[in-house]
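Enquirer: Next input, structure requested:
(2 chains)
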2 protein chains.
Amino acid sequence: MPTLFSRRGALAALFALGFAALAGSPALAAGESDPLPSWNDGPAKQSIIDFVTKVTEEGGPDYVAPPERIATFDNDGTLWVEQPLYTQFVFALDRVKALAPKHPEWKTTQPFQAVLDGDAKAIAASGEKGIVQIVNATHSGMSTAEFNKIVADWLATAEHPRFKRHYTDLVYQPMLELLAYLRANDFKTFIVSGGGQEFMRVFADETYGVPPEQVVGSTGATEWQMWDASPVLIKLPKVDFVDDGPGKPVGINRYIGRRPIFAFGNSDGDQQMLEWTAAGDGLRFMGLVHHTDAAREYAYDRDSEIGKLDKALDEATAKDWTIADMKNDWKTIFPPAKAAP
Amino acid sequence: MPTLFSRRGALAALFALGFAALAGSPALAAGESDPLPSWNDGPAKQSIIDFVTKVTEEGGPDYVAPPERIATFDNDGTLWVEQPLYTQFVFALDRVKALAPKHPEWKTTQPFQAVLDGDAKAIAASGEKGIVQIVNATHSGMSTAEFNKIVADWLATAEHPRFKRHYTDLVYQPMLELLAYLRANDFKTFIVSGGGQEFMRVFADETYGVPPEQVVGSTGATEWQMWDASPVLIKLPKVDFVDDGPGKPVGINRYIGRRPIFAFGNSDGDQQMLEWTAAGDGLRFMGLVHHTDAAREYAYDRDSEIGKLDKALDEATAKDWTIADMKNDWKTIFPPAKAAP
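Expert: Purely as a prediction, here's the structure:
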């Protein structure tokens, strides 16, 4: 296995070490030779390391200059847990409950009544229209700054029903190592998710090391207003971009303006992102997380309503894309619990 | 005047030097002590240097950590010439002429007939509706890759009517130095322009050192399609975001997700971007290019149809924002002509 900086010049290595020292990169700070310690040896891990080694080999046939080393990651189910419900939808349900005292009419209006009654079947029966109503009611009517604070406060207290940990702790340790490994090799890592862009930006930097300007997601419209001579951006009850499925290449083109050379997803909603990545010239990496571990996390694919992985699994198999089998490829799933402060 | 890396630790300096060596930063490569050699000494230059010195002074009261050093620049009239017509509109007019053989109906249909007849008054009379028709007809119906090639080919040949130079040569040398100076001080420089995002991305990296993912502009809708089993993004005849005026803070929030601490514009279309920048906490820099030099470039402000600078000039004066007076503050306007290859 190559070390992280084999085949690179001394200046570049010095530069990378300086960067790692500033950024506190875990892959380097530990002085380890294995950049992906939470991955079991096997074809998935090997395909990642082979790819990174080839595209960073100066003078090699597959070399890619650093500015073109764009890597995109789905979020829900790829970087953090998405079962039994997308985290952001849990947030929206909690917000309906929190806001209910100001909306007495919700007690008798669907889909809000169903949320307040904890009636999952009735929520599901409200369909896409109901979900949009719930999202709009909880994600608009405040300034962007107020929304960020609401999300941060919620993330600091809400716990996952099964794991009893904060949602930002339920991120995949092997994927954190992969993000750090790519960045140590001069990749720019982006999130490209169907989730809400502003929701993700609240935690993506601290949790994943992905700064706000590298988080691409679905967006609601905002409007410039003056409040007491101070400018604010107000979140409107209107979805203006859905970054999922064929929307992902659209979002990649709009926000990044370059085609990724590396993309990782976990569901059919990532299929077009992976196809868009694969269709570029030169060596490309396409990967899927396959949730196969009911004991340590969840096992689901073709029949799941959340994170359905069916067509993309067939395509990945047919085209020899990398499939990270959670049960077999990952030594650990989540980072260790933090010591109490 | 401080050197670029005064008050910074040895590792950070080493890191910055490594970065500059890799990026070929002109401000450092020349070993100069003046980071802004094309600026005359005066309040505008001094305000820039004072600001950068203060926000990079570790332990100082105005220190800003590097990730928050976001700088945004308008493009037309701030980084390159916008008179006598916005460059992108000249491109659109040229494309109408190039496409005319495929559209015989344009000979008798406005606003196209006016373009083909060179009838500027009739083009103007077609108003915003006519302009949108011209833009849609010339900016859609092809893949994003095809569009990029069309723009690149045009930029390589088209010349400005007065200066007889390529448009990408008609960029402001003092602003190129400012961009490099900010980047050498760990700022991330973004373009935030009313111009077309995909149009600007074709040249922004080579011309300004601003990579595609840091170019924010107006956008048209794109659609994912499969052509012969290969995915393409097709440009649709539909404007989906106008990044001008109050749209600029919306675009900044959407694409960057952080508030700039430094912003530079030149017209009333930049007023909200500057106000949004000013409304953040801590030290902020707001600047305007004032076109006062009819001999070397153009002189225009309150009464100009293109690049109108009226309310923003009043606000800049009232609030003591920086005004770069082109005639008095800039030693040179454009970079020297390149030697013939």
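Enquirer: For the stretch 151-300 of chain A, which segments are assigned as helices?
Expert: Using DSSP state H, counting those that start in this stretch, the helices of the stretch 151-300 of chain A run over residues A:173-184, A:197-208, A:247-255, A:271-278.
Enquirer: Now tabulate those in a markdown table and tack on mean pLDDT.
Expert: Rendered in a markdown table, the data for the helices of the stretch 151-300 of chain A read as follows (pLDDT from 0 to 100):
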| stretch | mean pLDDT |
| --- | --- |
| helix A:173-184 | 98 |
| helix A:197-208 | 98 |
| helix A:247-255 | 98 |
| helix A:271-278 | 98 |
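Enquirer: Next, format the ones you listed as JSON lines and append mean neighbour count.
Expert: Any C-beta I mention is one placed from the backbone N, CA and C, and that applies to glycine too. Below are the helices of the stretch 151-300 of chain A laid out as JSON lines (neighbours: other Cβ atoms under 10 Å in any protein chain shown):
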{"stretch": "helix A:173-184", "mean neighbour count": "22"}
{"stretch": "helix A:197-208", "mean neighbour count": "22"}
{"stretch": "helix A:247-255", "mean neighbour count": "24"}
{"stretch": "helix A:271-278", "mean neighbour count": "24"}
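Enquirer: could the ones you listed go into CSV alongside distance to residue B:116?
Expert: Below are the helices of the stretch 151-300 of chain A laid out as CSV (distance: least, Cβ to Cβ, whole Å):
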stretch, distance to residue B:116
helix A:173-184, 51
helix A:197-208, 43
helix A:247-255, 32
helix A:271-278, 38
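Enquirer: Select, out of the ones you listed, the one closest to residue A:123.
Expert: Taking Cβ to Cβ, helix A:197-208 is the member of the helices of the stretch 151-300 of chain A nearest to residue A:123, at 19.2 Å.
Enquirer: Which positions within stretch A:34-43 qualify as buried?
Expert: By 16 or more other Cβ atoms under 10 Å in any protein chain shown, the buried positions in stretch A:34-43 come out as A:34-36, A:38-39.
Enquirer: Kindly report the same for stretch A:60-80.
Expert: Across stretch A:60-80, burial judged by 16+ other Cβ under 10 Å covers A:64, A:68-80.
Enquirer: So, low pLDDT: which residues of chain A?
Expert: Residue ranges of chain A with pLDDT under 70: A:1-32, A:339-341.
Enquirer: Excluding chain neighbours, what is closest to the residue nearest in space to the middle of it?
Expert: The centre of chain A sits closest to residue A:75, judged by Cα atoms, centre = their mean, with a distance of 1.7 Å. Distance criterion Cβ to Cβ, 6 or more residues apart in numbering or on different chains; nearest residue to residue A:75, sequence neighbours excluded, is residue A:193 at 3.7 Å.
Enquirer: where's that neighbour relative to residue A:270, distance?
Expert: According to Cβ to Cβ, to the nearest Å, residue A:193 and residue A:270 sit 9 Å apart.
Enquirer: shared neighbours, those two?
Expert: Taking Cβ atoms under 8 Å, 6 or more residues apart in numbering or on different chains as the contact criterion, the common neighbours of residue A:193 and residue A:270 are residue A:74.
Enquirer: Tell me who's in contact with residue A:36.
Expert: Here residue A:36 is in contact with A:45, A:48-49, A:174, A:177-178, A:181 (criterion: Cβ under 8 Å, 6+ apart).
Enquirer: Next: residue A:191.
Expert: A:72-75, A:79, A:200, A:204, A:208, A:210, A:214-217.
Enquirer: Tell me who's in contact with the residue nearest to it when sequence neighbours are not counted.
Expert: Nearest residue to residue A:191, sequence neighbours excluded (Cβ to Cβ, 6+ apart): residue A:215, at 4.8 Å. Contacts for residue A:215 (Cβ under 8 Å, 6+ apart) come out as A:190-191, A:193, A:197, A:200-201, A:204, B:257.
Enquirer: go on, residue A:223?
Expert: A:233-234, A:236, B:246, B:250.
Enquirer: which among these end up buried?
Expert: A:233-234, B:246, B:250.
Enquirer: For residue B:288, state which of those is nearest.
Expert: residue B:246 (17.6 Å).
Enquirer: and the gap between residue A:255 and residue A:113?
Expert: For residue A:255, the distance to residue A:113 equals 38 Å [Cβ to Cβ].
Enquirer: Same check on residue A:184?
Expert: Counting by Cβ to Cβ, the gap from residue A:184 to residue A:113 is 51 Å.
Enquirer: Please apply the same query to residue A:105.
Expert: Going from residue A:105 to residue A:113 by Cβ to Cβ gives 10 Å.
Enquirer: same thing with residue A:259?
Expert: Counting by Cβ to Cβ, the gap from residue A:259 to residue A:113 is 46 Å.
Enquirer: Which of the two has more residues huddled nearby?
Expert: More neighbours surround residue A:259 than the other of residue A:259 and residue A:113, with 21 against 16 (other Cβ atoms under 10 Å in any protein chain shown).
Enquirer: Within range of chain B, give me the residues from the stretch 151-300 of chain A.
Expert: A:188, A:197-198, A:201, A:205, A:211-215, A:219, A:222-224, A:230-231, A:233, A:246-247, A:249-250, A:253-258, A:272, A:275-276, A:279 (Cβ under 8 Å from any Cβ of the partner chain).
Enquirer: List just the nearest of the contacts of residue A:36 to residue A:320.
Expert: Ranked by distance to residue A:320 (Cβ to Cβ), the contacts of residue A:36 are led by residue A:48 at 14.1 Å.
Enquirer: Buried residues, the helix or strand hosting the closest one. List them.
Expert: Taking DSSP states H and E as the criterion, residue A:48 maps to helix A:43-55. Using 16+ other Cβ under 10 Å as the test for burial, helix A:43-55 gives A:44-45, A:47-55.
Enquirer: Please apply the same query to stretch A:122-136.
Expert: Buried residues in stretch A:122-136 (16+ other Cβ under 10 Å): A:123, A:126, A:130, A:133-136.
Enquirer: neighbouring contacts of that stretch?
Expert: For stretch A:122-136, with Cβ under 8 Å, 6+ apart as the criterion, the contacting residues are A:89, A:92-93, A:96, A:110-115, A:220, A:237-239.
Enquirer: roughly how far out does that stretch sit from the chain middle?
Expert: Relative to its chain's centre, stretch A:122-136 lies at 23 Å (Cα atoms, centre = their mean, to the nearest Å).
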